[in-house]
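**Student:** Got a predicted structure here, sequence first:
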Amino acid sequence: MSGINGQPKVPGGEAKFIFEQWHQTVIERDLDALMNLYAQNAVLETPLAYMNSGARADGTIQGWEAIRSFFEASFAQPENGLGRWYRTGRHHASDRQVVWEYPRVTPQGDQVDLVEVMDIDDLGLIICHRVYWGWKGFQTLLTALDRKPQ
């Protein structure tokens, strides 16, 4: 069975590929390349889904088209204050999941701290993407909701 782009599957290979390519496509704001990493029935779970929904739904975005619309809107706001996209390069990967951190403290100062967790399907595509926010991210969300931490 072949993996991403017809290449032979290598244990952990899809996870490492996703780790490298997801970050790069976001930095470059390459929507088409980013969406090539997601399965048609993928789910994205992030506090931003909650923030950007007038209905304040459950924080999930379901399906390729909805995820594409979410990232398209995000890319249209390049100065959204969410971070510098600094990461150390460390990640944890298996053949079906990859996890990494965008740490709060960077060489240029604080950024929104996130942990990305991505489950990968049999075709090597992201099927479930969860974003967990740390303290700095939580403060950013509170500010966006016009609240201040106590």
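**Tutor:** Happy to help now that I have it.
**Student:** Helices of the protein, start to end?
**Tutor:** 13-28, 31-35, 47-51, 64-75, 135-144 (DSSP state H).
**Student:** so which of the ones you listed comes closest to Thr88?
**Tutor:** helix 13-28 (11.6 Å; CB to CB). C-beta coordinates here come from the backbone N, C-alpha and C atoms, glycine included.
**Student:** What's the mean pLDDT across stretch 73-91?
**Tutor:** Throughout stretch 73-91, pLDDT has a mean value of 74.
**Student:** how long is that stretch end to end?
**Tutor:** Start-to-end span of stretch 73-91 (CA to CA, to the nearest Å) is 27 Å.
**Student:** Turn the helices of the chain into JSON lines, columns for mean neighbour count and distance to Arg96.
**Tutor:** Listed next are the helices of the chain as JSON lines, based on neighbours: other CB atoms under 10 Å; distance: least, CB to CB, whole Å:
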{"stretch": "helix 13-28", "mean neighbour count": "18", "distance to Arg96": "7"}
{"stretch": "helix 31-35", "mean neighbour count": "15", "distance to Arg96": "20"}
{"stretch": "helix 47-51", "mean neighbour count": "17", "distance to Arg96": "23"}
{"stretch": "helix 64-75", "mean neighbour count": "15", "distance to Arg96": "19"}
{"stretch": "helix 135-144", "mean neighbour count": "16", "distance to Arg96": "26"}
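**Student:** Could you export these as TSV, including distance to Asp95?
**Tutor:** Below are the helices of the chain laid out as TSV (distance: least, CB to CB, whole Å):
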stretch	distance to Asp95
helix 13-28	6
helix 31-35	22
helix 47-51	27
helix 64-75	22
helix 135-144	29
